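Chemist: I would like to see how this sequence folds:
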Amino acid sequence: MSFPALHIDTVGTHGPDLILLHGWGVNNAVFSPLKNALHQYRVHYVDLPGFGLSPNIDGDINQWAQALAQQLPKHAIWIGWSLGGLVASKVAIDFPESVAALVTIASSPCFMARDESPNTPAWPGISPAVLMQFSTQLNRDLPRTVERFLAIQAMGSDNAKADIHQIKQLVLSKPLPSRQALSQGLTMLEGVDIRKQLSQIQQPWLRMWGKLDGLVPRRVIQQMPQAESISDILLNKASHAPFISHQDDFLHNLLPWIIKYQQ
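Modeler: This next block holds a predicted model:
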């Protein structure tokens, strides 16, 4: 199956391939603050389907993962933030030859909170009512919906106002996402649950979390699978966008891990 060509900004000509996937409502410009720190790599900054300068791709997370695997280098280190982490995890599961190592940032295999069976702890996540509200508002006022979601992403951060301002400035340098893409992304946040597939991820996996994250609670860590190839880093003062709010701490943990696992 062929897909429309996604917009991918590739920076650098030498070094291992890094692939960066952004979250819902934004585009690859959100990673601009990392460019200097990653200059020694060949970095592929991706606009997910319908976001930034990328065309829409019909379907669900399966089609998105397939399109990304087709259009990006094999044996790369994939770094996904929030929804991008869910998509990167799906690529690691379905197209393992694409992913040499996986980094997820403030991401969950199941974003929506769920009540489980009586003998199983409830799964922590976003309230279904909050996601339903965003879904309803999406059809009324697209810019306002995106702006509200960006504000939630910085909640809990010591520098919330500055973080929100920086995210908005970066994101608004490109066109707003399409309604189709936002709707698809919300559907993924509401409905995708790959918890039972996580054991298929055999690649080295770094999971980075913000202790103050209002969207992906740190309680998720306790219910995630553990293995020798998996590392968890909890950034104590960070919220949902640690690479913006606490860039030095973020890079201090990320860069040595990449060096350890780069091809």
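
Chemist: now the strands for the stretch 51-200 of the chain?
Modeler: All strands of the stretch 51-200 of the chain, identified by DSSP state E, counting those that start in this stretch, fall at 76-81, 99-105.

Chemist: Show me what the longest helix along the chain is packed up against.
Modeler: With DSSP state H setting the assignment, residue counts place helix 247-261 as the longest helix in the chain. Counting contacts by 3 or more CB pairs under 8 Å, 6 or more residues apart in numbering; DSSP states H and E, helix 247-261 is packed against strand 76-81, strand 99-105, strand 205-210, strand 230-235, helix 242-245. (C-beta placed from N, C-alpha, C; glycine too.)

Chemist: Using TSV, lay out those together with distance to Leu18.
Modeler: Formatted as TSV, the helices and strands packed on helix 247-261 follow (distance: least, CB to CB, whole Å):
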stretch	distance to Leu18
strand 76-81	5
strand 99-105	9
strand 205-210	12
strand 230-235	17
helix 242-245	13
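
Chemist: how about these in a markdown table, adding mean neighbour count and mean pLDDT?
Modeler: Converted to a markdown table, the helices and strands packed on helix 247-261 look like this (neighbours: other CB atoms under 10 Å; pLDDT from 0 to 100):
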| stretch | mean neighbour count | mean pLDDT |
| --- | --- | --- |
| strand 76-81 | 26 | 98 |
| strand 99-105 | 25 | 98 |
| strand 205-210 | 24 | 98 |
| strand 230-235 | 17 | 97 |
| helix 242-245 | 26 | 92 |
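
Chemist: Please put the alpha-carbon coordinates of the longest helix of the chain into PDB.
Modeler: Listed in PDB are the C-alpha atoms of helix 247-261, where the atom choice follows Å, rounded to 0.1, in the frame of the first residue of the first chain:
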ATOM      1  CA  GLN A 247      15.900  20.800  28.600                       C
ATOM      2  CA  ASP A 248      19.200  20.300  30.400                       C
ATOM      3  CA  ASP A 249      18.000  17.500  32.600                       C
ATOM      4  CA  PHE A 250      16.200  15.900  29.600                       C
ATOM      5  CA  LEU A 251      19.400  15.900  27.500                       C
ATOM      6  CA  HIS A 252      21.600  14.800  30.400                       C
ATOM      7  CA  ASN A 253      19.500  11.600  30.500                       C
ATOM      8  CA  LEU A 254      18.800  11.200  26.800                       C
ATOM      9  CA  LEU A 255      22.200  11.700  25.100                       C
ATOM     10  CA  PRO A 256      24.300   9.100  27.000                       C
ATOM     11  CA  TRP A 257      21.500   6.500  26.400                       C
ATOM     12  CA  ILE A 258      21.600   7.200  22.600                       C
ATOM     13  CA  ILE A 259      25.400   6.900  22.600                       C
ATOM     14  CA  LYS A 260      25.100   3.500  24.300                       C
ATOM     15  CA  TYR A 261      22.600   2.100  21.800                       C
END
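
Chemist: quick one: pLDDT of the closest residue to Phe95 other than its chain neighbours?
Modeler: Ranked by CB to CB, 6 or more residues apart in numbering and with sequence neighbours excluded, the top spatial neighbour of Phe95 is Ala69, at 3.9 Å. The confidence metric pLDDT takes the value 98 at Ala69.

Chemist: Now for Ala69, how many residues are close by?
Modeler: Around Ala69 there are 18 other residues, counting by other CB atoms under 10 Å.
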